[in-house]
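>>> Model the structure of this input:
(3 chains)
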Amino acid sequence: MNARMDERGSRSPNPPDPMESSRAGPAPAAARLAAALGARVRSWEGFLAVLLLCIIAMNALTSPSFLTAENQVNLFALSIEKVIVALIMTFVILNAEIDLSVASMMGLSACALGWLVQQGVPMPVAILACLFIGMLGGAFNGFWITVVGLPSLVVTLAMLIGFRGLARVLVEDRSIKEFPAWFEALGQQPLVGPFPLSLIIFFALLVLAVVVLRYSGFGRQVYVIGINLEVARYSGINVARVKMLLFTTSGFLSALAGILFAARLGTVRGDMGLGFELDIITIVLLGGVSIFGGAGSVYGVILSILIVLYLRNGMSLSNITGHLQTGVIGVLLILSAMIPNVRSFLAHVVRPGRLR
Amino acid sequence: MNGVPAASHTAETVAGGAPVLEVRGLSKRFDMTQALDDVSLTLHAGEIHALVGENGAGKSTLIKILTGVVQSDAGEVRVEGAAVHLANAQEAQACGVAAIYQEPLVFPDLDVAENIFITHREQDLLVNWPRMYAQAEDILASLGVRLDVRASARGLTLAAQQAVEIAKAISLEVKVLIMDEPTASLSDHEVRQLFRVARQLRDRGVAVLFITHRLEEVFEIADRITVLRDGEHISTRPAADVTRDLLIRDMVGREVDQFYGVGTTRTIGRQVCRVQGLGREGVFSGIDFDLHEGEVLGFAGLVGSRRTDVALALFGIQPADRGRIEIDGRAVRITSPRAAQQLGIAYMTEDRRKLGLAMPLSIAANVTLPVLHRYLTRLGLIHRPREEAAAEGFRQRLDIKAPSALHLVEKLSGGNQQKVMFGKWLNTRPRIFLLDEPTRGIDVGAKAEVHTMVRELAEEGMAILCISSDLPEVLAMSDRILVMREGRQMGILERSEASQEAVMSLATGEDEGGGATTGARIAEGTAP
Amino acid sequence: MRLRAETRREGVLLLLIVLVLFGFSLVIENYLSARLFNRVSASVAILAILAIGQTLVVLTRNIDLSVGSIVGFTAYFVGQQLSLDNDIHPLVAVLMAVGLGAALGAFNGVLVAFCRVPAIIVTLGTLALFRTILVEYSDAQTILTVNLPQWLIDLPRLNVVSYERLHLRVVVAVMLGVAVLFQLLLRYSSFGRRLYAIGSSPEAARNAGFPTRRLVFTAFVLCGALAGLTGFLFLARFGNITVIAGIGQELKSVAAVVVGGINIFGGSGSVLGAVLGASLIDLLENSLIRSLQISEFLRDALLGMLILAAVAVDSVLMRRRRDR
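A predicted model of the protein is given here:
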C-alpha cells in the first residue's frame, strides 16, 4: 500500500488489542468496569457504537418497518457481497497493503460462471472453476507484490482494469440468464429460517475472521507486518507467504462474492460490481483500520458494516436514490480518515507542551 | 591550568572575530526531562567551536533550537547582536544559521547542483540551469571537492552528500554552520577532507559549531571547546588549555572509572561456528573466524566498517555470496532469518525502533514473536496463558521494569526495551547470539546490567558475537576481538594483546601511513 | 555525456510507439494514414491533458483518483450553460470549465494538504462525491449536441494547419501548448522543482522549510483545472453528455502517468513522458478496436497488463541502478 503518500503518518486511535493494556491492577470490579467502559466510549469503537445507535434510532423513528426481521435480513442480503469482501479487506489493509481489484474480480468470476454455464459446463464444476479463477487472480496480484516487489496500489489498480477487461471479453455487452433454478433459489430464497445461504456464509466467515485476527498466530503476524515489516522480517516471519496468502484469499473470497451476486440477481453482466471497491474500502477505514496498517480491530469493522448498511437502508426507506447514498458514503470515508487527525490536532492545541 | 574551575565567560576574549551567535540562558523541557537548563554560549566569526558531551547532555536539543526545529522555553538567541526568533527552519536559514548532519537530508531524485540551490529562500522564479551548474561547480571546486554536478544525488556516498550540504551552506552565505557528528560514518580519508573544508570555512569567517564523540578530533580541529552535561553548561575553554583528562572529567562529572567488571575466566567449550572467507559483493570480504561455546568474540571497528553486515549475513537477512559457514562442523547456507533461527542463531539489532520491536504491542507479544509456533494450540490459536507465563518469566529474570508482561513496549524506557529485545531472542534458545551494539542509547545502570547478562550467558555456554563501538566495553567483555575496517578483517586480537591502542591502530589503519584519527569513542555513538 | 534517466525513458516510449505503429500496419490494411493521425491525435490530446494534471500530483507522492468525476462534472455543467445560453463567449466557457475544475481540485487539495488525509482516501471519496453531486444536479438529464452552439460543435474539426490530408486539430494544439507550458514550469520554475523535491524526500523538504502544504495544495488545484479543461474538450468532442461522462478516466490517466515513467512514489518523471504514455495507451486502444482479430473487450485486459509491465520494468531498472 502506498502508505507514505502523505508526509506524516497518522495512526488510528485504538491499539490493536485494547484488552491487553487494561487488564492489570486489582481495582474494585465496579470501578474497573466503569473505567473500561469509559475507555471504550472514548475509543473509535465507542464513537462508532454511539453513531450506530443514533442511526438506528433515526431509522426506527422515520420508518416503522425498519426494525422488522424481514427488513433486517433484506438489508444484509442486498449488500452481502460487499461485506464479505470487507472482511478480507480488513486483513489486507491491516497488513499495510490494499487490494483495489476485488470488485473487478467479483465481476470476472460472475461472468466466467455465466460463460461456463453457457458452454454447457455443469453448474458445480463451473462454480469450482470460478473459485479457482479467484485464487489464481489473487495469487497473480500476490506474485507481483511479494516476488517482484511492486506497490500493491499499482498492481491492484492495473488488475482492477485487467480483471474487468477479461470479464467483458467473456460476456461482451450481453447479459447471461441461463442459470438453473436451484442456483437462483439459493441466492434468493431463505435457506435456514429467514436466512439465505449468502448470509450464513457471511456469519461463518465473520466468526472465522474474529477468531483468526484476535486469537490466532496468523492474526498476530498480520498485525506485526502491518506495524513494522522489517521487525517482522528480522523476527523470522515469512512476510512474503503471509502477504501471498492474504491476496490469494482476497481473490478467492471476491470470486465467491461474485458467484453469490450472480445467484442473487439471476443474471450476469460485464459491469457487475463496478465501483464496489470504494464501498468496501470505506467500510474498513470507517471501522478504524489505519490505512498505514497495523492498527484497528475487526469489531470496529463490524460496527462500520452495520453503520453503512443501516445508513443506506434508512436512506432507501426515505426514498433517497442510490447515487446520493454513494455520495454520502464517500463523505463518510473522508470524514472517517480526518477525525483522528482533527483529534490529534486538538490534543496538540490543548497541550502545547508536547512538541514532539 | 587543569584546576581552573569552568566559567563560561573566561575564554571569550581568546578567539578571533566578533561574536556572531550568542545564546543566553536557553532552557527547554520535554515532558519529564529538562533537556537544556540555562545554557549560554558564544560563537565568534572564524572559529571552530567544538561541542561535546555524553548522550542526553543536551547537544541535540541545542542544535534543534538553533535551527528552528524546536522552540526554547526561556532564553534568547542573538545573531550579530540582534535578538532573533527562530520559529522554523527557514527563519534560521534567513538568519544565516545552517546545519549538516551525520546523515544529510538530500533529495535523491534531484541532481547535485539542484540540491545545493533548491532550498534558497529567495530563489529566482525561474531556474537558470547553465548558471546553476556553473556556480555549483565553482563552489565545489573552491572546497576542493570533485563531484559531477549533473549526477543525481541518489547513490552519492555519505561524505559526498555532506559535501553537497556544505556547498549549500556556502551558497547561502551562512554565518554559523553547525556540523552534527559529521564524521561518525566517514572513512579516514573522508574525515581529512572534511576537516580541510571546515578549516576553509573558518578562514572565510564562518563560525563552525562542531559536534563529535571522538575526542581526538576535538583536539585536532577545535579552537575552543564547550562541554554540556545533563542539559547544563559545564565549561568553555580554548582548546590549547584543555587536556584529555580534564575534558573527560567535565563530560562524565567524575574520574573515568571502569565499571566493566573484569572478565572472569570462563571455560571455553567446543567450537560451534566456523566462518571462512565470508564475503558479500561490494560490502565485505575475507572474514575468517571461529566461535566456541562460552566465548565472547568482540567485533570492533569504526562506524561504517561493515560489522553489522557480517552479522546480517550470518543471520540470513543479507546472505553472503561467497565463503563458507560451518555450524557444528557442518557446512550450511543461511538464506533467511528463519533458517538462521533453526540453526540456533539469534541476532539482536542495534536499531530497536526500526528493526527490533513491534512498539505498539505488549511485552508478551514481542517476546514470543520469533517462536510464535511454540505458543499455538493445535488449532493455530495463541495459548495466552502460556504466552503470558513465558513473558512474565523473562520480565522477572531480566528485571524489566513494567507492571506486567502485558504492558505495551512503547511505554517502556530505552533500557527496558533493550531487555525486552534480549528476552525476545533468548526465548529462541540460541546457541550463537549475535549482539549489535547491545548498550546503545541506554543509561549507565542498564548498561552494567547488560554486561552482567552477557557474561552470564557466556558462562552458561552460549557462543556470543558482540559488535560494539564502545571500546572499553569490547575490551572488558571479549575473550578475543576481531577488528574490521572498511569491509575487511584487519586481524583478531587475543585478550592478552588487546588494548585500546592495538584495536584502534587496526581499525583506523594507522600503520598504513597518514595521521589517522584514533577516535576512541568515550561516549557511545548516537543515532540522530 | 550520459543521458538523463528521463530522456532514456522517453526514448524507449517513442520506440515502443513506432513499434506499435509498425506492428499494426502489418495487420491492418491502410493503417498508416492521415486519418489515423487525425483521429488518434485528437483522442490522445484529451487523455494527455488529464495525464499532465495527474503528473503534477503524482510527483508530490500523492494521487488524484477523482479526475474522472471532475471531467464529467465540468463537461456536463458547461454543456448545460451553453445549451441554455448559446451566446456565452467561447473564452468564458473555457474559463468556466477550468475554474470549476480548479475549485473541485481545491477541495481535494485542502483535505490532503491541510487536513492531512491520505490522498488515495480523499480522492476515492470525492470520486464518488463529485459524481453524486453531478447526478443529483443533472436530474439524469442529457446534454444534447443539437442544443450546443455551433462553434463548439465545429471545434473538434477545426484545424490550425493542414498539410494535404494531415490536420493539426485545435484540440491537439491546445494539448501541445499545455504540455510545453507545464514542461517548462516543471523544468524551470522554482515551484516545479519543489514539487519534485517534495516527492523525492518529504522529510528533507520539511527540513528545508518548504511550504509543503501550499505546494501540494497548488498541485491539486492545477490538476483539477486541467481536468476541467479536459471536461470542456470532452464536451466539444462528444457533444452528447450524460451523467456517466468521464467514468474510468481517472484510471486511464494514472495508467498514462505510470507508463510514461513518472514514479508512483514521486520525485521523478516528466510531462513529455506523460504525453508519450498517454499516446501509447490511446494508440493501442484505437488500433485494437480497428484490428478485427482482437475483441474490443480485450483492450482493458491488455491495458492492465501494460501498466503492470511498465511498472515492473521500471522497478527492476531502478533496483539495478541503486545496486550499482
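>>> going forward, measure contacts between C-alpha atoms and count neighbours the same way
Will do.
>>> Spatially nearest residue to the closest residue to chain B within the stretch 101-250 of chain A, not counting backbone neighbours?
When scored by CA to the nearest CA, the stretch 101-250 of chain A has A:S216 as its residue closest to chain B, at 3.8 Å. Nearest non-adjacent residue to A:S216, counting by CA to CA, 6 or more residues apart in numbering or on different chains: B:L381, 3.8 Å away.
>>> what number of residues lie near the one you found?
20 (other CA atoms under 10 Å in any protein chain shown).
>>> B:R204 now?
14.
>>> just A:C54 next, same as before
By the criterion of other CA under 10 Å, A:C54 has 13 neighbours.
>>> And for the one 10 residues further on?
Burial of A:P64 is recorded as 10 neighbouring residues (other CA under 10 Å).
>>> quick one: it from A:L78, how far?
Using CA to CA, to the nearest Å, one gets 19 Å for the distance from A:P64 to A:L78.
>>> Then B:A74?
From B:A74 over to A:L78 the distance is 63 Å, taken as CA to CA.
>>> same check, this time on C:A140
For C:A140, the distance to A:L78 - CA to CA - is 24 Å.
>>> State the mean pLDDT of stretch A:110-119.
Per-residue pLDDT values across stretch A:110-119 average out to 93.
>>> Surely C:G248 touches C:I70?
No. At 11.4 Å, C:G248 does not count as touching C:I70 under the criterion of CA atoms under 8 Å.
>>> In the stretch 251-356 of chain A, what residue spans correspond to strands?
Counting by DSSP state E, counting those that start in this stretch, the stretch 251-356 of chain A has strands at residues A:268-269.
>>> In it, where is pLDDT below threshold?
Residues of the stretch 251-356 of chain A meeting the criterion pLDDT under 70: A:339-356.
>>> What of the stretch 101-250 of chain A?
Applying pLDDT under 70 to the stretch 101-250 of chain A flags no residue at all.
>>> Once you drop chain neighbours, what's closest to B:E137?
Among residues not flanking B:E137 along the chain, B:V149 sits closest, at 6.6 Å (CA to CA, 6+ apart).
>>> shouldn't B:A320 be in contact with B:G282?
No. Between B:A320 and B:G282 there is no contact under CA under 8 Å: 11.0 Å.
>>> Looking at those two, which one has more neighbours?
Comparing B:A320 with B:G282 by other CA under 10 Å, the one with more neighbours is B:A320, at 25 against 9.
>>> is it fair to say the more buried one lies in a strand?
No. Using DSSP: H, G, I helix; E, B strand; the rest coil, the assignment for B:A320 is coil, not a strand.
>>> what's the spacing between it and chain A?
Distance from B:A320 to chain A, counting by CA to the nearest CA, to the nearest Å: 16 Å.
>>> distance of that residue from B:P438?
Taking CA to CA as the measure, B:A320 falls 23 Å from B:P438.
>>> How about C:F130: what's its closest non-neighbour residue?
Residue nearest to C:F130 in three dimensions, not counting chain neighbours: C:S69, with 5.8 Å by CA to CA, 6+ apart.
>>> Report the contact partners of the one you found.
Neighbouring residues of C:S69 by CA atoms under 8 Å, 6 or more residues apart in numbering or on different chains: C:L127, C:A128, C:F130, C:R131, C:A245, C:G246, C:I247, C:E250.
>>> Can you tell me which of the residues you listed end up in helices?
Judged by DSSP state H, the contacts of C:S69 include C:L127, C:A128, C:F130, C:R131, C:E250 as members of helices.
>>> dump the residue contacts of the residue of the stretch 101-250 of chain A closest to chain B.
Neighbour list for A:S216: B:L376, B:G380, B:L381, B:I382 [criterion: CA under 8 Å, 6+ apart].
>>> Swap in 6 Å and give it another go.
A:S216 makes contacts with B:G380, B:L381, B:I382, as judged by CA atoms under 6 Å, 6 or more residues apart in numbering or on different chains.
>>> Which one of those residues is nearest to chain A?
Using CA to the nearest CA, the contacts of A:S216 come closest to chain A at B:L381, 3.8 Å.
>>> wait, that closest one sits on A:L213?
No. Using CA atoms under 6 Å, B:L381 makes no contact with A:L213, being 9.8 Å away.
>>> can you give me the helices in chain C?
Using DSSP H, helices in chain C cover C:5-27, C:34-59, C:67-84, C:90-109, C:119-138, C:150-154, C:170-188, C:190-200, C:202-207, C:212-238, C:249-259, C:271-290, C:298-323.
>>> C:L15: neighbouring residues, count only.
12.
>>> what do you get for B:V106?
By the criterion of other CA under 10 Å, B:V106 has 26 neighbours.
>>> Once you drop chain neighbours, what's closest to it?
In space, and not counting its chain neighbours, B:V106 is closest to C:A204: 6.2 Å by CA to CA, 6+ apart.
>>> Surely the one you found is in contact with B:L105?
Yes. Distance between C:A204 and B:L105: 5.1 Å, which falls inside the contact criterion (CA under 6 Å).
>>> Would you report the backbone torsion angles of the residue in the stretch 51-200 of chain B that chain A sits nearest to?
The minimum distance from the stretch 51-200 of chain B to chain A, using CA to the nearest CA, falls at B:V70 (7.6 Å). In terms of degrees, to the nearest 10, the main-chain angles of B:V70 are phi -130, psi 160.
>>> What's the local residue count around the residue nearest to it when sequence neighbours are not counted?
Closest residue to B:V70 apart from its sequence neighbours, by CA to CA, 6+ apart: B:K64 at 5.6 Å. When neighbours are counted by other CA under 10 Å, B:K64 registers 17.
>>> Wait, a strand at B:K64?
No. The assignment for B:K64 (three-state DSSP) gives helix, which keeps it out of a strand.
>>> State the pLDDT value of it.
As predicted, B:K64 sits at a pLDDT of 86.
>>> Also C:V40?
With respect to pLDDT, C:V40 scores 87.
>>> so which strand or helix has B:E501?
If you go by DSSP states H and E, B:E501 is part of helix B:500-508.
>>> can you dump the C-alpha coordinates of that helix into CSV?
As requested, the backbone C-alpha atoms of helix B:500-508 are provided in CSV (Å, rounded to 0.1, in the frame of the first residue of the first chain):
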residue,chain,number,x,y,z
GLN,B,500,42.7,0.4,23.1
GLU,B,501,45.8,1.4,21.1
ALA,B,502,46.1,-2.0,19.4
VAL,B,503,42.4,-2.1,18.4
MET,B,504,42.4,1.5,17.1
SER,B,505,45.5,1.1,15.1
LEU,B,506,43.9,-1.8,13.3
ALA,B,507,40.6,-0.1,13.0
THR,B,508,41.9,3.1,11.6
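>>> what does it contact?
Helix B:500-508 is touched from outside by B:G301, B:R485, B:M490, with contacts defined as CA under 6 Å, 6+ apart.
>>> Cross-check the contact I'm expecting between the second one and B:L302.
No. Using CA under 6 Å, B:R485 makes no contact with B:L302, being 7.0 Å away.
>>> Those two - which one has more neighbours?
Neighbours were tallied for B:R485 and for B:L302 using other CA under 10 Å; the higher tally belongs to B:L302 (26 against 22).
>>> B:A35: what secondary structure?
Here B:A35 is strand, with the state taken from three-state DSSP.
>>> List just the nearest of the contacts of helix B:500-508 to chain C.
Closest approach to chain C among those (CA to the nearest CA): B:R485, at 21.4 Å.
>>> what sits against the closest one?
B:G301, B:S305, B:A507.
>>> pLDDT score assigned to it?
At B:R485, pLDDT is 83.
>>> how about the residue nearest to it when sequence neighbours are not counted, secondary structure?
With sequence-adjacent residues excluded and distances taken as CA to CA, 6+ apart, B:R485 is closest to B:S305, at 4.6 Å. Look at B:S305: counting by three-state DSSP, its state is coil.
>>> so B:S305 makes contact with B:E486?
Yes. Because the distance of 4.3 Å satisfies CA under 6 Å, B:S305 is recorded as touching B:E486.
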